[in-house]
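Q: what's the 3D shape of this:
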Amino acid sequence: MILQNNTIKTAGDFSETIFEKGLSIYEVIRVFHGHPIFLSDNLMRLDNSLKKSNIGIDISTLHIPDKLNRLISLEHIGEGNLKYVLHFTDGKSSPDEYIFQIPHAYPSQQDYDRGIDTITCPAVRENPEIKYINGELRNLANRLIQEHRVYEVLLVDREGYITEGSRSNVFFIKNDTLYTASTTYVLPGTSRKRVFDICKEHAIPIVEQRVPAHAVQEYDAAFLTGTSPLILPIHHINDVSLNPQNQMLKKIMNYYFSLVESVF
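A: Sure, this is the predicted structure:
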């Protein structure tokens, strides 16, 4: 089921290929216990994406929370991911709005305990502060994930620094200090923001600094953040092993999951 301009459509009437033309600015919202979590952060980022694209839309007039909750109710969604898209095409004075459930692959408990495998790939997200559909990057990442049987692809910029994952943010830990690229280089993820909030509340040092791809072995641990994984330890980056049981990493994970549970 899809909500298109707040009208119910069947899945057979819709294909995401329509987003290959024009500009599509979107958010992915996590549904937990039948409610969208941290929605205010998604709406703030959507508003920022529109402003950075020089699009003058007041998102409060879109009544997005009401529409999300309508689809959650219609589809009886207890847990999952919803995609909200504003699709802009030439010749139309206003965008088309789409809301639909997308497949999700949440990490297993083993993934959280043992960490996941990643590889690096030379790639740059253009206009990283704007969350828009980039089919070329998505197709490349999906192909590499399948070929190498890894969980995520970490993007390496033209200067040789790791910036972010293809669908996540990435943090490194060294001597109990966190390192992650600044929003100059990455999409400001909502889960990333949660980690910054945690670090501020608990006086955990965090530095906005890119990590050189050739130096990952110098770090004690690393983890991903994102809508689906929330916060997920990394075991390998290419052939380099990191410690998914790092105590600072475990501490941040505990703070994060306690925060998620406290929403309800």
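Q: leaving out chain neighbours, which residue sits closest to the residue nearest the centre of the chain?
A: Most central in the chain under CA atoms, centre = their mean is Gly226, positioned 3.9 Å from the mean C-alpha point. Spatially, and ignoring its direct neighbours in sequence, Gly226 is nearest to Ser168 (3.7 Å; CB to CB, 6 or more residues apart in numbering). Yep, even glycine has a C-beta here, placed from its N, CA and C like the rest.
Q: again with Glu201
A: Nearest non-adjacent residue to Glu201, counting by CB to CB, 6+ apart: Tyr255, 8.0 Å away.
Q: what does stretch 202-216 contact?
A: 120, 154, 156-157, 160-163, 172, 176-183, 185, 195-196, 198-199, 219, 222, 237-238, 240, 242, 248, 251-252, 255 (CB atoms under 8 Å, 6 or more residues apart in numbering).
Q: mind running it again at 7 Å?
A: Residues from elsewhere that reach stretch 202-216 (CB atoms under 7 Å, 6 or more residues apart in numbering): 120, 156, 160-163, 172, 177-182, 185, 196, 199, 219, 237, 240, 255.
Q: and it, what's buried?
A: 204, 206, 210-211, 213, 216 (16 or more other CB atoms under 10 Å).
Q: that older thread, weed out the non-buried ones from the contacts of stretch 202-216.
A: For these, a neighbour count by 16+ other CB under 10 Å gives the buried set as 120, 156, 161-163, 172, 177-181, 185, 196, 199, 219, 237, 240, 255.
Q: so which of the residues you listed sit within strands?
A: Filtering the buried ones among the contacts of stretch 202-216 for membership in strands, criterion DSSP state E, returns 120, 156, 161-163, 172, 177-180, 237, 240.
Q: which one of those residues sits closest to His148?
A: Thr120 (10.7 Å; CB to CB).
Q: ok, that closest one - contacts?
A: 154, 156, 162, 213, 237-238.
Q: distance check, it against Leu155.
A: Thr120 sits 8 Å away from Leu155, going by CB to CB, to the nearest Å.
Q: right, I'll leave it there.
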